[in-house]
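A.B. asks: Here's a sequence, model it:
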Amino acid sequence: MRPARYNENDRPNTLGNWWRTFWQYPSPRMIAASLAAAGVARLAVGGWRRLDLVVAVAVVAAQPFTEWVLHVFVLHFKPRKMGAINLDLYIAKKHRAHHLDPADIGLTFVQLPALYSLIGGFFVALLIGFRDIHLALTGTATGYVLLFVYEWMHFLIHSTYVPRSTIYKVIYRAHRLHHFKSEHYWFGVTNPIGDIVLRTYPNQSTVAVSPTARTLGVAVD
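C.D. replies: Model (predicted):
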């Protein structure tokens, strides 16, 4: 059983060791396998067109905004009562647990029940939308690449690895502000584009520390 937290005495705090730790969890392996399957399937059906490039570029261009929308409206979904039904989302519960304990490595990953739906649902949605297996597989493979990058970046941000590159420092700083200063801003994980366009990327000096950054405004059981 892997420890929930990284122990710096176990191994040096290097990027390579974090990369090896990353692969010990099921989510990256599942995404990589799905990406390989989608890639092989796309090569098998052939029939490449310029439209494939358009689809791939469109998926990449949409990613900052889909990431923002999912974070705001799904991950930060608050429990609500609808008549006699108490409505809550599994993935939102897990995300609240992640905010409560950002150092828990296992909670940095997309949880498996949600990952199954995400992997399968994305392909089905593209197939229905395009009605073309070629374009659906191109978009799916591109999406899986972005999902893998998301998992790796989110995992690394919550590790004890110290940022070195300028780009990673920007991403790291914004996500840490989201967790430890205010949950109302800095929703991007892999890039700040969605936040900048949608105006949730303020100067951190103008933002007060939120008392609900850890609980997301939901009472802890």
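A.B. asks: Okay, helices next: where are they in this structure?
C.D. replies: 15-22, 26-45, 50-69, 90-100, 112-130, 133-157, 166-180, 193-197 (DSSP state H).
A.B. asks: excluding its backbone neighbours, what's nearest Met153?
C.D. replies: Spatial nearest neighbour of Met153, excluding adjacent residues (Cβ to Cβ, 6 or more residues apart in numbering): Thr190 at 5.0 Å. In short, each C-beta sits where N, CA and C put it, glycine included.
A.B. asks: Please apply the same query to Tyr144.
C.D. replies: Leu35 (4.0 Å).
A.B. asks: Parallel or antiparallel, list what pairs with the helix or strand of the chain with the lowest mean pLDDT.
C.D. replies: Sorting the helices and strands of the chain by mean pLDDT, DSSP states H and E puts strand 80-82 at the bottom, at a mean of 85. The strands beside strand 80-82 in its sheet (DSSP bridges) come out as strand 85-87 (antiparallel).
A.B. asks: ok, the residue nearest to Met153 to Leu70 distance?
C.D. replies: To Leu70, Thr190 is 12 Å away according to Cβ to Cβ, to the nearest Å.
A.B. asks: just Gly39 next, same as before
C.D. replies: Applying Cβ to Cβ, the value for Gly39 to Leu70 is 24 Å.
A.B. asks: Please apply the same query to Phe130.
C.D. replies: 21 Å.
A.B. asks: so how far is Thr200 from the most centrally placed residue in the chain?
C.D. replies: Centroid check for the chain by Cα atoms, centre = their mean gives Tyr150 as the closest residue, at 4.5 Å. To Thr200, Tyr150 is 18 Å away according to Cβ to Cβ.
A.B. asks: swap in Gly121?
C.D. replies: In terms of Cβ to Cβ, Gly121 sits 26 Å off from Thr200.
A.B. asks: Between those two, tell me which one has more neighbours.
C.D. replies: Thr200 (20 against 10; other Cβ atoms under 10 Å).
A.B. asks: And for that one, nearest residue in space, chain neighbours not counted?
C.D. replies: Using Cβ to Cβ, 6+ apart, the nearest residue to Thr200 is Tyr185, at 4.8 Å.
A.B. asks: Tell me, how many residues neighbour that neighbour?
C.D. replies: Tyr185 has 17 neighbours, counted by other Cβ under 10 Å.
A.B. asks: my guess is it meets Val207, correct?
C.D. replies: Yes - counting by Cβ atoms under 8 Å, Tyr185 touches Val207, with 6.3 Å between them.
A.B. asks: Show me the common contact partners of the two, please.
C.D. replies: Common contacts of Tyr185 and Val207 (Cβ atoms under 8 Å, 6 or more residues apart in numbering): Leu177.
A.B. asks: In the protein, where is pLDDT below threshold?
C.D. replies: 1-11, 220-221 (pLDDT under 70).
A.B. asks: between Thr190 and Leu70, which one's more packed in?
C.D. replies: Neighbour comparison, Thr190 and Leu70: the larger count goes to Thr190, with 20 against 14 (by other Cβ under 10 Å).
A.B. asks: show me what contacts that one?
C.D. replies: Thr190 makes contact with Gln63, Pro64, Glu67, Leu146, Val149, Tyr150, Met153, Ile171, according to Cβ under 8 Å, 6+ apart.
A.B. asks: for it, phi and psi?
C.D. replies: Dihedral pair for Thr190: phi -90, psi -20, per degrees, to the nearest 10.
A.B. asks: Can you give me the distance of it to Ala136?
C.D. replies: 23 Å.
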